[in-house]
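Peer 1: got a sequence here, can you build the structure:
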Amino acid sequence: MQTTIRSSISFTGKGLHSGTRARMTVHPASAEYGIWFRRTDVIGRDAMVRAHWASVSNAKLCTVISNEAGVSVSTIEHVMAALAGCGIHNALIEIDGPEVPILDGSSAPFAAGFVARGIRELDADLHVFEVLKPVEVRDGAAFARLEPGRTLEIEFHIDFADRAIGRQDKRLSMANGAFLRELSDSRTFCRQADVDAMQAMGLALGGEPGENAVVFDGDKVLSPGGLRHADEPVRHKMLDALGDLALAGAPILGRYTGHRAGHAMTNRLLRALFADPAAYRIVKLDSDRRQSLPGAGIGLHDIHAVA
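Peer 2: Just a heads-up that it's a prediction; the model follows:
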């Protein structure tokens with residue numbers, strides 16, 4: 001069955017890169033609607049932007065989607081990861097600014113709100129994309145790959161010169177609420193030198209170390225309170241990957257591997273997947289196999305993981 005959120009919920013805060021304060025409200029939607037954003041501050045142009053891989057217009061620092069009228073919404077990956085991780089397939093997201101609020105830098109506030117509101121089943125079959133053969137994109141030593149798998153599994157590898165990050169590797173099945181327990185509270189991260197450079201370019205204006213981002217400098221964690229997990233950076237990369245994969249338009253059954261990959265590479269991977277009709281097929285899930293999807297079986301008892 002497809003799902004939606006039971007009732008509307010709002011979030012307010014600054015955007016990480018623009019510093020613009022916005023109010024965002026996630027509303028229930030009907031079956032087959034998918035995920036759409038509506039810019040309530042836009043007048044005289046098409047304000048609707050579909051959350052879809054083909055709508056991605058920029059993915060250098062964050063994932064930005066745009067419509068043909070040039071209306072865009074940026075930094076959508078954390079709320080998209082929360083929707084996917086909670087198993088929500090249909091929603092209308094209204095926002096009165098150009099960037100999704102960063103909140104604490106993770107998906108936890110979004111996920112906690114969705115779980116608290118509840119998830120409603122809709123009278124419509126759920127179809128998914130099943131990966132049939134390996135698809136890969138590369139950029140030097142970095143790569144992203146999708147391979148066949150019974151459920152969605154994410155594996156990620158990062159390697160930074162900063163000793164406080166270093167090399168981190170993690171692999172998780174996204175079934176049975178693993179996203180809520182293992183990934184949802186992991187925050188975005190950066191190096192102090194990168195923060196200085198971005199702010200010099202007029203970016204990262206909404207960033208508050210310790211509040212919505214983990215900042216590293218060599219062997220030091222500069223953010224007050226330290227890390228939520230010893231390997232929080234790689235967990236956040238996996239969170240980002242789930243959010244970017246959610247732009248497929250339906251759940252994916254397959255194994256994703258990212259090695260030094262980012263938003264742009266994951267979007268390129270989706271484009272490569274859907275450019276090859278032999279690489280995937282659309283299947284209707286039966287009730288047994290549906291239990292392997294992200295969000296299956298979650299409930300109020302899971303709130304403690306993201307509260």
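Peer 1: C-alpha from now on. contacts and neighbour counts both.
Peer 2: OK.
Peer 1: list the contacts of the residue lying closest to D162 once chain neighbours are set aside.
Peer 2: In space, and not counting its chain neighbours, D162 is closest to G218: 4.4 Å by C-alpha to C-alpha, 6 or more residues apart in numbering. By C-alpha atoms under 8 Å, 6 or more residues apart in numbering, the contact set of G218 is A161, D162, R163, A164.
Peer 1: any chance of those residues in a markdown table, plus secondary structure, distance to G105 and pLDDT?
Peer 2: Converted to a markdown table, the contacts of G218 look like this (DSSP: H, G, I helix; E, B strand; the rest coil; distance: C-alpha to C-alpha, whole Å; pLDDT from 0 to 100):
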| residue | secondary structure | distance to G105 | pLDDT |
| --- | --- | --- | --- |
| A161 | coil | 23 | 84 |
| D162 | coil | 20 | 83 |
| R163 | coil | 22 | 85 |
| A164 | coil | 19 | 84 |
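Peer 1: which one of those residues is nearest to Y256?
Peer 2: Taking C-alpha to C-alpha as the measure, Y256 lies nearest A161 of the contacts of G218, at 24.5 Å.
Peer 1: from C190, how far off is the closest residue to the closest one other than its chain neighbours?
Peer 2: Leaving aside its sequence neighbours, A161 sits nearest to G218 (C-alpha to C-alpha, 6+ apart; 7.7 Å). Remark: distance between G218 and C190 (C-alpha to C-alpha, to the nearest Å) = 11 Å.
Peer 1: ok, R260 next?
Peer 2: Distance from R260 to C190, by C-alpha to C-alpha: 14 Å.
Peer 1: of those two, which one has the most company?
Peer 2: Using other C-alpha atoms under 10 Å, the more surrounded residue of R260 and C190 is R260, with 18 against 14.
Peer 1: the more buried one against A142, yeah?
Peer 2: Yes: if you go by C-alpha atoms under 8 Å, R260 and A142 touch, sitting 5.0 Å apart.
Peer 1: quick one: the helices in the stretch 1-150 of the chain, in order.
Peer 2: For the stretch 1-150 of the chain, the helices defined by DSSP state H, counting those that start in this stretch occupy 77-85, 108-117.
Peer 1: which of the helices or strands spans the one residue sitting closest to the centre of the chain?
Peer 2: The chain has G243 as the residue nearest its centroid, 2.0 Å off, counting by C-alpha atoms, centre = their mean. Here G243, judged by DSSP states H and E, is contained in helix 232-245.
Peer 1: before we move on, the earlier item: look at the residue nearest to D162 and report its pLDDT.
Peer 2: We have a pLDDT of 81 for G218.
Peer 1: ok, it to Q192 distance?
Peer 2: 9 Å.
Peer 1: what does A279 give?
Peer 2: Using C-alpha to C-alpha, A279 is found at 41 Å from Q192.
Peer 1: residue most distant from the centroid, this protein?
Peer 2: The chain, farthest from centre, C-alpha atoms, centre = their mean: G44 at 29.8 Å.
Peer 1: residues contacting V73?
Peer 2: Shown in contact with V73 (C-alpha under 8 Å, 6+ apart): F37, R39, V49, V64, I65, S66, G97, P98, E99, V100.
Peer 1: which intervals of this structure have sub-threshold pLDDT?
Peer 2: Residues of the chain meeting the criterion pLDDT under 70: 198-199, 201-211, 299-307.
Peer 1: tell me the domain ranges of it?
Peer 2: Following automatic domain parsing, one finds the domains of the chain at 3-121, 127-305.
Peer 1: most packed of those domains?
Peer 2: domain 3-121 (a mean of 21; mean count of other C-alpha atoms under 10 Å).
Peer 1: report the distance from it to the chain centre.
Peer 2: Put simply, domain 3-121 sits 10 Å off its chain's centre (C-alpha atoms, centre = their mean, to the nearest Å).
Peer 1: what does stretch 111-122 give?
Peer 2: 17 Å.
Peer 1: wait, isn't V131 in contact with L253?
Peer 2: Yes: V131 lies in contact with L253 (C-alpha under 8 Å); the separation is 6.2 Å.
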